[in-house]
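Undergrad: Please find the sequence and the predicted model below.
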Amino acid sequence: MFLAADFGGILHWSQYVAAGGILLAMALSLIGLTDTTASSGLRQHKLLLPLGLLVLLAWIQGLPLPSGLIGLLSPGSNEAYSTWLDGLVPASEQPSVHPVSVSPFDTKHVALLLTFLLPLSFAASIVFHARNRLTMLLSAIAITGASVAIIGFYRKLDPTADIWFFNSKSTGFAGFVNRNNAALMLNFGMAASLGLLSWRMMALHHIELDDPDFEFNDLLSLISDRESLIGLLSSITCSAGLLLNGSRGGVVAALFGLVCAFGYVRPRRVLIVMHFLAVVIGISVSILTVPMQLNLETISRLELISADADTLQKDGRLLHWQDGWKAAMAYLPMGSGVSTYGYSYLPYQSKSPASWFEHADNLWLEMLVETGLPGVVIAILFFTFLLGALRRLSTSADPIDQGVRVAAWYAIAAVIVSQFFDFGLIVPSNLFVGLILATAVVSRQVASGGLQAPTLEDEDDPYEAMAMADPQYAMAMAAAEQEAESAADSIDADESESTDSAPRGNKIKLQSTSTLGRLTSSVSVGAIAVAIFLLSLLAIPGLKRDAESESLVRRIQSEYSGMKFRPEVLEQVETLLTENLADNPIPETRSLLAATQRDRGRLAETLEWRPVSIEQAGEIYAKTSLNERGLDYPPPLAAMTRDPLKSIQHYQDAWDTSLAGMATCPLGQASRATLVQLQSVLEPQPETGAAIKHLAKFYSTEPIRLVRLGKRAFMIGDYESAISTFRDSISLRPSVTSTLMPLLRVNQDTLPLQKVIPDNSRAIELAAADVLHWDNPDNEFLRFASTSIDCGRASNLADRAKCHALLSRIHFALEDFESAAETGEEAIRLMPDEPRYRVQLIEQFLIAGNRKDALRHARLGRNTTPDDKRFQQFIDRIAEAERKEVLTPALPEDESVPSIESILN
């Protein structure tokens, strides 16, 4: 619950605290190894096998290995450490030994976190082996889900609430950054709630609705039962939360969870009751939400309700999954490293509509990219163990086992379905809850191995009814009856003592068949416990270092806006970050250090311009931005000194820091972006050109960023990269053409239009419209435009007419008067009520000397739009010109008169 409130547990310091709590829980659970009701041998810990393999895989992915071996294990990773370092790191300095992971420090952190899944699963298997703690588990999960919903309600009702775990993101809910992540926790709460209700219904009222003895009081009495009340209230609250938080995937997952829990795996005798409960819950949700006038965001975001809904077809996931699949194929068989998806897909993106997908919004695709085939095998093994345990648990006669089974089926369906559209199981709070529930299922299946449902031969057993209601009580009664019969038959004292030691109450002793077997099992479990405990102790310091580094970075980032104008404070920040980077070189620390060094250089440069007032210093500082620079570098007066400028030293430090991070995060964007920024103050370096090419691929679906990169490439003289980058940006968004035309107009030699403008009709139209206004139009491009523009692609008559009018102007500029007249008349035909197209055509006719057609269109225009005085003016002009020609006859040319050119020369 505490992790759920802390952004779902995504902060490193909260993960460190959780790891300490897990280690403490495991230490306390070791006491249960001496209790046969808590420990039945190795079988209850079978989930440690896939979990251990996952942890091992994560650590192997972070181990440095020869590049030749990496090329076999993960070709994509080998390419990241070779091809994507070309031009940035000299070939002699490129690592010959590197890990599979393309972000080893991220993989190392997640490997540390995954290590604590082992003690968590071990402790959960011991604690929830016995039935009396399962109700506590279901209640705790149900209350956690309800708490998330309540916090989300409060945040919806009072958006101005200022509580530390709230965030301002519109996509968040309660303490979670992402509404879909929160929906998974709500579904876990819903699963546990329904598990509680199923348990109480079977334990208290094992009858069907069509039974002659059935009374509605049996159903209504669940309200007065404490455990039932917890399940009922939590299910209502979680249902309302799913409707309010806006996660469509969460609602779909809930529907599948209900189908699997009650429509497929539940016994027939409870189906009708659960339908009734579903109606009750639905009515309760309506009562809960309608009076508060809350916005049912999940419903409003459905495309059937709103035409502007951001649905799966529109939010870009389907397009991005194509890039994710290409990345998955490139990194097979070993993957790119856990927690590296935000980097690993970048070299393969061509369809993604957003700037950066830190996650794939599809956990199964993300798992395939990061863990490859071993991850698939581990996942299959995990679910095989879990589903096998559920199948065997279905034969148990204990009602609590049936409740756990219902909760597990709901949770499995919800996870499988929801993670096709989200990545919520990565969030530690959801991951821990899901693992505890799965471990409880496997462990409980082992514990209930001797408590099976009665067979057909046992239907007349007098204790069958009691066993279904409360099997522990039935067993105790059977033992007491056996003891009484033994006393009546004068059985000896030894047998009597043996009978007295029979299991009673809540303890079911499941012992091995031999003393040697029990000893071997106990020793094996003990050895595994010691190994897990020691491994966790070794992992704790690593989580602590990561927590300190992240905490330092987050504190500085939150206060950076107030300190970036204070040179002495920035110097202290740089010292802190440098020391921390030496101890724990994570990419985030390195990026912040480079930004700090860059800003120190900017402050020093502002002073080197020698401002005479605070106002002037502010103006100079604004013009020293590395993105949109308004001043030359270096400052002329400061450059005359013999001592090196302080600003150039800081800028060079930022450059060196960024380059140093390339080998440890070869696909990082931040380091390359810093190199590109610094090229405006440093001498052009070959690394800058390589960084621009790489970023152009990483941002290949972002037209605005591509335009900026193209301008940077043009500034350093890399015209080939500038042309290709501009062309890509225009292909993505043709409207970008208008913003580039001023640059293209004055640089026609280095940026020829026919190379920059792609074969896109809309882009060609915009470019041609601008070229027509040039003093010296590019006729070669206009000829290309006249044959490339496709007016038929326009979606409406107005756009089509506008296109034909443009074509008419292009043909006229090329002196193709016949085509100009034809396309101009087509524009008029499409929009006869729009006078500007006819006016344009008339002017073209007059310039070409075609008064006849000009007069004809002028008269047609006057008849069509008599209120437009321009057509009458055209008629008058044409009449005046003809009158002058009639009254002033042409004089014969005197060949003896010298020409003006000869006189001037």
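TA: It's in.
Undergrad: Residue 763 touches residue 728, doesn't it?
TA: No - taking Cβ atoms under 8 Å as the definition, residue 763 is not a contact partner of residue 728, at 11.7 Å. Using the backbone N, CA and C atoms, a C-beta is placed for each residue, glycine as well.
Undergrad: what about the longest helix in the chain?
TA: helix 515-563 (DSSP state H).
Undergrad: That one - what's its average pLDDT?
TA: Mean per-residue pLDDT for helix 515-563: 86.
Undergrad: distance of the residue nearest to the spatial centre of the chain from residue 433?
TA: The residue lying closest to the centre of the chain (Cα atoms, centre = their mean) is residue 359, at 3.6 Å. Counting by Cβ to Cβ, to the nearest Å, the gap from residue 359 to residue 433 is 19 Å.
Undergrad: swap in residue 379?
TA: In terms of Cβ to Cβ, residue 379 sits 18 Å off from residue 433.
Undergrad: And residue 403, by the same measure?
TA: Counting by Cβ to Cβ, the gap from residue 403 to residue 433 is 17 Å.
Undergrad: same question, residue 380
TA: From residue 380 over to residue 433 the distance is 22 Å, taken as Cβ to Cβ.
Undergrad: neighbour-wise, which of these two wins?
TA: residue 433 (27 against 11; other Cβ atoms under 10 Å).
Undergrad: Give me the pLDDT value at the residue nearest to the more buried one when sequence neighbours are not counted.
TA: Nearest residue to residue 433, sequence neighbours excluded (Cβ to Cβ, 6 or more residues apart in numbering): residue 188, at 5.1 Å. Looking at residue 188, its pLDDT is 95.
Undergrad: Okay, now the unreliable bits of the stretch 801-905 of the chain?
TA: Low-confidence segments of the stretch 801-905 of the chain (pLDDT under 70): 888-905.
Undergrad: can you map out the helices along it?
TA: 817-830, 835-847, 851-864, 870-887, 900-904 (DSSP state H, counting those that start in this stretch).
Undergrad: closest one to residue 198 among the ones you listed?
TA: Evaluated with Cβ to Cβ, the helices of the stretch 801-905 of the chain place helix 817-830 nearest to residue 198, the distance being 68.0 Å.
Undergrad: Name the residues of the closest one that come out as buried.
TA: The neighbour-count check on helix 817-830 (16 or more other Cβ atoms under 10 Å) flags 817, 820-821, 823-828, 830 as buried.
Undergrad: Show me which of the residues you listed is closest to residue 852.
TA: For the buried residues of helix 817-830, the nearest to residue 852 is residue 821 (11.4 Å; Cβ to Cβ).
Undergrad: who's in contact with that closest one?
TA: Residues in contact with residue 821 (Cβ atoms under 8 Å, 6 or more residues apart in numbering) are 808, 841, 844-845, 850, 853.
Undergrad: Tell me how far it lies from residue 678.
TA: 56 Å.
Undergrad: swap in residue 136?
TA: Distance from residue 136 to residue 678, by Cβ to Cβ: 58 Å.
Undergrad: which residues does residue 362 contact?
TA: By Cβ under 8 Å, 6+ apart, residue 362 lies in contact with 317, 321, 324, 419-423.
Undergrad: Sitting in strands, which of these do you find?
TA: Among the contacts of residue 362, no member falls in strands (DSSP state E).
Undergrad: who wins for neighbours among the residues you listed?
TA: Within the contacts of residue 362, neighbour counts (other Cβ under 10 Å) peak at residue 422, which reaches 28 neighbours.
Undergrad: And it, how far from residue 864?
TA: To residue 864, residue 422 is 59 Å away according to Cβ to Cβ.
Undergrad: likewise residue 144?
TA: Distance, residue 144 to residue 864, using Cβ to Cβ: 73 Å.
Undergrad: related to what we said a few turns ago, does the residue nearest to residue 433 touch residue 436 like I think?
TA: No - using Cβ under 8 Å, residue 188 makes no contact with residue 436, being 9.9 Å away.
Undergrad: Compare neighbour counts for residue 144 and residue 864 and give me the winner.
TA: residue 144 (24 against 15).
Undergrad: Roughly how far does that one sit from residue 429?
TA: Per Cβ to Cβ, residue 144 is found 8 Å from residue 429.
Undergrad: Spell out which residues are contacts of both of those two.
TA: Jointly contacting residue 144 and residue 429 under the rule Cβ under 8 Å, 6+ apart are 4, 185.
Undergrad: ok now the helix or strand hosting residue 434, how far from the chain's centre?
TA: For residue 434, the element it lies in under DSSP states H and E is helix 428-447. Put simply, helix 428-447 sits 26 Å off its chain's centre (Cα atoms, centre = their mean, to the nearest Å).
Undergrad: Send me that helix as PDB with only the CA atoms.
TA: Provided in PDB are the C-alpha atoms of helix 428-447 (Å, rounded to 0.1, in the frame of the first residue of the first chain):
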ATOM      1  CA  PRO A 428       7.100  -2.600  -8.000                       C
ATOM      2  CA  SER A 429       3.800  -2.200  -6.100                       C
ATOM      3  CA  ASN A 430       1.900  -4.200  -8.700                       C
ATOM      4  CA  LEU A 431       4.700  -6.600  -9.100                       C
ATOM      5  CA  PHE A 432       5.000  -7.400  -5.400                       C
ATOM      6  CA  VAL A 433       1.200  -7.900  -5.000                       C
ATOM      7  CA  GLY A 434       1.000 -10.100  -8.000                       C
ATOM      8  CA  LEU A 435       4.000 -12.200  -6.900                       C
ATOM      9  CA  ILE A 436       2.600 -12.600  -3.400                       C
ATOM     10  CA  LEU A 437      -0.700 -13.800  -4.700                       C
ATOM     11  CA  ALA A 438       0.900 -16.200  -7.100                       C
ATOM     12  CA  THR A 439       3.200 -17.600  -4.400                       C
ATOM     13  CA  ALA A 440       0.200 -18.000  -2.100                       C
ATOM     14  CA  VAL A 441      -1.600 -20.100  -4.700                       C
ATOM     15  CA  VAL A 442       1.400 -22.500  -5.300                       C
ATOM     16  CA  SER A 443       2.100 -22.800  -1.600                       C
ATOM     17  CA  ARG A 444      -1.500 -23.300  -0.600                       C
ATOM     18  CA  GLN A 445      -1.900 -26.000  -3.300                       C
ATOM     19  CA  VAL A 446       0.900 -28.000  -1.600                       C
ATOM     20  CA  ALA A 447      -0.700 -27.500   1.800                       C
END
